[in-house]
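[1] please find the sequence and the predicted model below.
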Amino acid sequence: MNEKVLMRGSDIIGEASVRAGCRFYAGYPITPQNELPEYLSARMVEVGGTFIQGESEIASINMLIGASAVGSRVMTSSSSPGIALKQEGISYMAGLELPGVIVNMMRGGPGLGNISPSAADYFQSTRGGGNGDYRTPVLAPAGCQELIEMTFLAFDLADNYRNPVMILGDGLMGQVMEPVVFPDFLDLNKLPQKDWALTGCVDREARAIFSMYLGEKGELCQHNLELQEKYDRITAQEQRWETIMTDDADLIVVAYGTAARIAESAIEEVRGQGLAAGLFRPITLWPFPTAPLRELAQKGRKIAVFELCLGQMVEDVILSVGERVEISFHGVPGGVIPTPAEVAEFLNSVAKGDGKVGRRIEV
Amino acid sequence: MITRTTFAGFGGQGVLVMGYVMSHGALLKGLNVTYFPSYGAEMRGGTANCTVTLSDAKIASPVASQPDTLVAMNGPSLEKFENRVVENGLVVLNASLIEEDLSRKDVTLLTVPTAELAREVGSDRAANMIMIGALSAKTGLLSQEETIKGMRAALKGKDKFFELNEKAIQRGFTFVNNGK
């Protein structure tokens, strides 16, 4: 086994990406994720890859399109407003069916907001800020070791489904340091062959990759139906989640990423006071693990949703469990980092039904 | 066992480095560690703080509701964080810079004249290493050897500082163990 090392979240994604076979990175600086391109600016050179500081976020995502089309494993990263700028390119990648990994270390918004951690880009990530009928798998790691697992998974999903994949972290996750163990480098020669990549057509049929369908025989309609079939397969096969202490729980807390870690400490706290709470943590935000959450939402249980924003994932929770159980929500907007004690107060308030912290959701 | 330590001071005092040293020392000892630095539009002379959580079990939240220990390197940090410390917790003060009295009466107080002790071992700049030595000695979380190993791992490649830092860590331990 490789050695345990203490590293910062942003650097961890950088190291994991090159071990997962990424050989092309383009990005434009923005706090709080600058450590990631800084790390890769040196590391890419060492592994024989390409690092480009693009002239803008838009240029960077479009460079990914070119590098992905020739078959490379490619990545870009930014933080919230920078990801907003990349949406056109992400829509194009979805339409072109080009794999690539997009990292968003979320900061407070809207607009420039500030550089504090936040998780207000759930809608942007899971619903897609770009145009058209497309979907992007969204992975939401919660700890440093999981950043590694999710980075490897993101590249595999992207290649397997020929689709852009997003890793959704936040400013706090990028700065936190934890001990991690890296897996070995993937052997680039053993990655699945890309029989669609534009690698030069000597001795073979020419290939083309495009997202514009002008034909009058329903070609665009057919393209969209095929994309939808792919999204249905992803929905069926790629849902991921974690449950902690849910077996005997009367109260199920739903949270992802950093919010889930704060909530887990809060759960430990309220359990010490006699409240049987447990955690349901979506790891894929799209596809959202709807069925497993619905299964947990049995009669008599209450659901408490906690987010580092004013209520976005809660809509997927409502779509998943509907009117089966009572749902309450507590959110903290960007710029403030809530403590486990604050979340514990919310959980106790939900259990008592006194409405002091958070609000009851009317479905 | 889970213990959370907040280090706070102004930028340039080596506050974040103290957190690195403790984190690396604990990692080498086989403990779970989460190091969480403050970040913001900060600059030299501005404020800096970090929180280090050590545990022999899984660490859920990197954010602490209440630190068990506060290491305050200057007055404003003491003022800002004093009330967050857990009841009957530990406050370690940099006596070379902090003249204020503690308003909390429940906590254990350790005052360390970091600059004076650092000068004794060769340089004012080792004040943070005096402090991390004193902290380790007081809490027993890391032995002198583990603290030194943590420093060497945290400052890997900066070997020219090792000798001075080791002396400073040892001086911090002696200060706590001998009371002077």
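    Perfect, I can see it now.

[2] domain parsing for chain A?
    A:4-190, A:241-360 (automatic domain parsing).

[3] and the last one, end to end?
    End-to-end distance of domain A:241-360 (Cα to Cα, to the nearest Å): 24 Å.

[4] do stretch A:20-33 as well
    Stretch A:20-33: ends 20 Å apart by Cα to Cα.

[5] buried stuff in that stretch?
    Within stretch A:20-33, the residues scored as buried using 16 or more other Cβ atoms under 10 Å in any protein chain shown are A:20-28, A:30-33. The way it works is simple: take the backbone N, C-alpha and C, and place the C-beta from them, glycine included.

[6] on that earlier part again, could the domains of chain A go into CSV alongside mean pLDDT?
    Shown next, in CSV, are the domains of chain A (pLDDT from 0 to 100):
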stretch, mean pLDDT
domain A:4-190, 97
domain A:241-360, 95
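
[7] ok so, going back, how about the buried residues of stretch A:20-33, which pair is most distant?
    In the buried residues of stretch A:20-33, two members sit farther apart than any others by Cβ to Cβ. They are A:Gly21 and A:Thr31, at 27.9 Å.

[8] partner residues bridging whatever residue of the stretch 101-250 of chain A ends up closest to chain B?
    Distances between the stretch 101-250 of chain A and chain B by Cβ to the nearest Cβ are smallest at A:Met177, namely 3.9 Å. Per DSSP bridges, the residues bridged to A:Met177 are A:Arg8, B:Tyr35.

[9] thinking it is in contact with A:Leu6, fair?
    Yes. Taking contacts as Cβ atoms under 8 Å, A:Met177 lies within contact range of A:Leu6: 5.5 Å.

[10] what touches both of those two?
    B:23, B:33, B:35 (Cβ atoms under 8 Å, 6 or more residues apart in numbering or on different chains).

[11] give me every residue in the stretch 101-250 of chain A lying close to chain B.
    By the rule Cβ under 8 Å from any Cβ of the partner chain, the part of the stretch 101-250 of chain A lying against chain B is A:115-116, A:171-172, A:175-179.

[12] top of those residues by number of neighbours, please.
    A:Gly171 (29 neighbours; other Cβ atoms under 10 Å in any protein chain shown).

[13] contacting residues for it?
    A:31-33, A:79, A:105-107, A:115-118, B:39 are the contacts of A:Gly171 under Cβ under 8 Å, 6+ apart.

[14] in strands only, show me the residues you listed.
    Mapping the contacts of A:Gly171 onto strands (DSSP state E) picks out A:105-107, A:115-117.

[15] what's the longest helix in chain B?
    Ranked by residue count, the top helix of chain B under DSSP state H comes out as helix B:162-178.

[16] and it, what does it pack onto?
    Counting contacts by 3 or more Cβ pairs under 8 Å, 6 or more residues apart in numbering or on different chains; DSSP states H and E, helix B:162-178 is packed against strand B:108-112, helix B:114-121, helix B:127-139, helix B:144-154.

[17] closest to A:Trp241 out of the ones in strands among the contacts of A:Gly171?
    A:Met106 (20.0 Å).

[18] could you find the closest non-adjacent residue to the closest one?
    Nearest non-adjacent residue to A:Met106, counting by Cβ to Cβ, 6 or more residues apart in numbering or on different chains: A:Asp170, 4.4 Å away.

[19] how near is that neighbour to A:Ser118?
    6 Å (Cβ to Cβ, to the nearest Å).

[20] more neighbours: which of these two?
    Higher neighbour count among A:Asp170 and A:Ser118: A:Asp170, with 30 against 27, using other Cβ under 10 Å.

[21] in what element of secondary structure is A:Ile167 found?
    strand A:164-170 (DSSP states H and E).

[22] mind listing the strands that strand pairs with, and their directions?
    Assessed with DSSP bridges, strand A:164-170 is paired to strand A:100-108 (parallel), strand A:138-139 (parallel).

[23] and the next helix or strand after that strand, C-alpha only, in PDB?
    The helix or strand immediately downstream of strand A:164-170 is helix A:171-175, counting by DSSP H and E. C-alpha atoms of helix A:171-175 as PDB (Å, rounded to 0.1, in the frame of the first residue of the first chain):
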ATOM      1  CA  GLY A 171     -14.100  26.200  -0.700                       C
ATOM      2  CA  LEU A 172     -13.700  24.500   2.700                       C
ATOM      3  CA  MET A 173     -13.000  21.100   1.200                       C
ATOM      4  CA  GLY A 174     -10.300  22.600  -1.000                       C
ATOM      5  CA  GLN A 175      -8.500  24.000   2.000                       C
END
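
[24] circling back: what residues sit buried inside the longest helix of chain B?
    Across helix B:162-178, burial judged by 16+ other Cβ under 10 Å covers B:164-176.

[25] again with stretch A:33-53
    Quick answer for stretch A:33-53 (16+ other Cβ under 10 Å): A:33-37, A:39-40, A:43-44, A:49, A:51-52.

[26] what about it, how long is it end to end?
    Using Cα to Cα, the two ends of stretch A:33-53 sit 14 Å apart.

[27] show me what it is in contact with.
    Contacts for stretch A:33-53 (Cβ under 8 Å, 6+ apart): A:8, A:10-11, A:13-15, A:17-18, A:22-29, A:60, A:63, A:67, A:77-79, A:103, A:105, A:171, A:174-175.
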